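Novice: missing the sequence, but the structure's below:
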């Protein structure tokens, strides 16, 4: 009995990731409504962030408990699709409608984020070369970018239909690209082996201090740049 419970701890955490992403989707449709002192999109930010914590925790739990399974792998991808594919897509969709003053067909472009995310995860599940590095932008990084982008739009200005559509196309297509991107997971904490990871962490802190949540978008752009110009692998 104890062994069964132990094996299911990582899957339970993964389901909490999925649940958090689903709640973020719901809040995205209550975009500008004030709920307990925060607007709907801000609650969506929070629950995408909570989903990211659970996404990290389920892998850590699986490694610690040696509770790996094919079920867990597939469940993790399905959860990530909701939390980091569909949730940011709906956030962008509702942001578009909010600034348009109502529904606009332009906003449907945002759904490409979810489609690209699904293709990204399907490819990841059958690609055995992505254990230490990734091909294409990881879907959690995609979600972090859109949280930062929407925060930037809220504090600065709407980028317009054409520009936003181009950004959606580029960022979503990066998930489908074959560009090598380094993993942000630490195997140890040695400086030489993790130099780029420490740079990203430091940059994220500085960007968030200077720009607020919008700094997350700049962090992901820096991550893409470092991956593009850096040497293969760590």
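Specialist: Cool, the structure landed. Keep in mind the model is a prediction, meaning the values are calculated, not measured.

Novice: give me the number of residues near the nearest residue to residue 156 once chain neighbours are set aside?
Specialist: Sequence neighbours aside, residue 214 is the residue nearest to residue 156 in space, at 7.8 Å (criterion: C-beta to C-beta, 6 or more residues apart in numbering). (C-beta placed from N, C-alpha, C; glycine too.) By other C-beta atoms under 10 Å, 20 other residues sit near residue 214.

Novice: ok, residue 214 - contacts?
Specialist: 148, 149, 151, 152, 155, 156 (C-beta atoms under 8 Å, 6 or more residues apart in numbering).

Novice: 10 Å - rerun?
Specialist: Residues in contact with residue 214 (C-beta atoms under 10 Å, 6 or more residues apart in numbering) are 147, 148, 149, 150, 151, 152, 153, 154, 155, 156, 207, 208.

Novice: which one among these gets closest to residue 71?
Specialist: Checking the contacts of residue 214 against residue 71 with C-beta to C-beta, the nearest one is residue 147 at 29.2 Å.

Novice: separation between the residue most central in space within the chain and residue 31?
Specialist: Nearest to the centroid of the C-alpha atoms of the chain, with distances taken as C-alpha atoms, centre = their mean, sits residue 140, at 2.4 Å. As for residue 140, its distance to residue 31 is 22 Å (criterion: C-beta to C-beta, to the nearest Å).

Novice: tell me the spacing between the nearest residue to residue 30 once chain neighbours are set aside and residue 182.
Specialist: Using C-beta to C-beta, 6+ apart and skipping the chain neighbours, the partner closest in space to residue 30 is residue 40 (3.5 Å). Distance of residue 40 to residue 182, given as C-beta to C-beta: 34 Å.

Novice: next one: residue 20
Specialist: Counting by C-beta to C-beta - residue 20 and residue 182 are separated by 26 Å.

Novice: ok, those two, which is more surrounded?
Specialist: More crowded of residue 20 and residue 182, by other C-beta under 10 Å: residue 20, with 24 against 20.

Novice: quick check, that one in contact with residue 58.
Specialist: No. Residue 20 is beyond contact range of residue 58, at 11.8 Å (criterion: C-beta atoms under 10 Å).

Novice: residues that sit against both of the two, list them.
Specialist: With C-beta under 10 Å, 6+ apart as the test, residue 20 and residue 58 both reach residue 79.

Novice: next SSE downstream of the host helix or strand of the residue nearest to the centre of the chain?
Specialist: With secondary structure defined by DSSP states H and E, residue 140 is part of helix 139-155. Next along the chain after helix 139-155, taking DSSP H and E as the criterion, comes helix 161-176.

Novice: quick one: strands adjacent to the next helix or strand after that following helix?
Specialist: Per DSSP H and E, the first helix or strand lying C-terminal to helix 161-176 is strand 180-182. Neighbouring strands of strand 180-182 in its sheet, by DSSP bridges, are strand 133-135 (antiparallel).
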